[in-house]
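Novice: Take this sequence and fold it.
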Amino acid sequence: MKDTLIVIPTYNEIDNIGLLIHDIFRIAKDVDILVVDDDSPDNTSGLVTDLQNKFIGKLFLLIRKSKIGLGKAYIDGFKWALKKSYKFIIEMDADYSHNPKDLIDLHKVCKNNDYDIVVGSRYINGINVVNWPFSRILLSYIASFYVRIITNMPVKDPTSGFVCYKRSVLESLNLNQIKFVGYAFQIEMKYKAFNKNYKIKEIPIIFTDRVRGVSKLTKGIIAEAVFGVLLMRFKKILGKL
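Specialist: I've put the predicted structure just below:
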């Protein structure tokens, strides 16, 4: 996995990021990690800076001036990656909802098969979510079904943030035109790639809700996803996607 960069956005993740970095390098020693931090008040970036002395040339940090959205953090991370020679770029959350052990399978399926995007899916084999209340599981599952109906995109977990992209996918998308910042960002990336005929593969993962730190989910993020999907579909119909 020497050709792989893992992009991890953070905001107030000091309780998780150090543990996660150590676990990733223990499981996948050859990868590089880029942490994109939105100037966290809890000094997340300071902890990452300290760890850079331990993981020299393997751990990188991009600090942004303010909290301006998850999607924008990923876009900045992708742009950073494309300036380097990485062939695979993996995005994942900092809160341990994504198991670092699954990185191996994501990369393996993306590299050794004819797929351009590999999605770690909560819903490809039933519902694989741990520690979420039923109401949130229902909301997420219905939202995923809604996205499939509106977009006709055959992805059962379109809001998943555990994704491996081949470099060519990110190079072909106009990253400056990716507009959404929350769950809708994840949908937008997959939908635009799908409409460019890139092959998307889902593999099953078990998603575990965070046990440390605070969730960043808001009503605004949910609303963006609901209305953003409709907007994208209309743009597709009009040939302006």
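
Novice: which other residues reach stretch 65-73?
Specialist: 9, 11, 36, 38-39, 64, 161, 178, 180-182, 184-186, 188, 216 (Cβ atoms under 8 Å, 6 or more residues apart in numbering). C-beta coordinates here come from the backbone N, C-alpha and C atoms, glycine included.

Novice: Could you tell me the end-to-end distance of it?
Specialist: End-to-end distance for stretch 65-73: 11 Å, by Cα to Cα, to the nearest Å.

Novice: Buried residues of that stretch, list them for me.
Specialist: Residues of stretch 65-73 classed as buried by neighbour count (16 or more other Cβ atoms under 10 Å): 67, 69-73.

Novice: Quick check: phi and psi at the residue nearest the centre of the chain.
Specialist: For the chain, Gly161 is the residue whose C-alpha lies nearest the centre (Cα atoms, centre = their mean; 3.2 Å). Main-chain dihedrals, Gly161, degrees, to the nearest 10: phi -110, psi 20.

Novice: contacting residues for it?
Specialist: Counted by Cβ under 8 Å, 6+ apart, Gly161 has contacts 70, 91-93, 98, 186.

Novice: Give me the local confidence score for it.
Specialist: Here the pLDDT value assigned to Gly161 is 94.

Novice: Equivalent analysis for Val48, please.
Specialist: So Val48 comes in at 98 (pLDDT).

Novice: Backbone dihedrals for it, please?
Specialist: Recorded main-chain torsions at Val48 are phi -60, psi -40, according to degrees, to the nearest 10.

Novice: Buried subset of the contacts of stretch 65-73, written for PyMOL?
Specialist: Per 16+ other Cβ under 10 Å, the buried members of these correspond to this PyMOL selection:
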select buried, resi 9+11+36+38+64+161+178+180+181+182+184+185+186+188+216
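
Novice: Among the contacts of stretch 65-73, which lie within strands?
Specialist: Of those, the ones assigned to strands by DSSP state E are 9, 36.

Novice: can you name the two of the contacts of stretch 65-73 that are farthest apart?
Specialist: Largest separation among those by Cβ to Cβ: Asp39 and Glu188, giving 24.7 Å.
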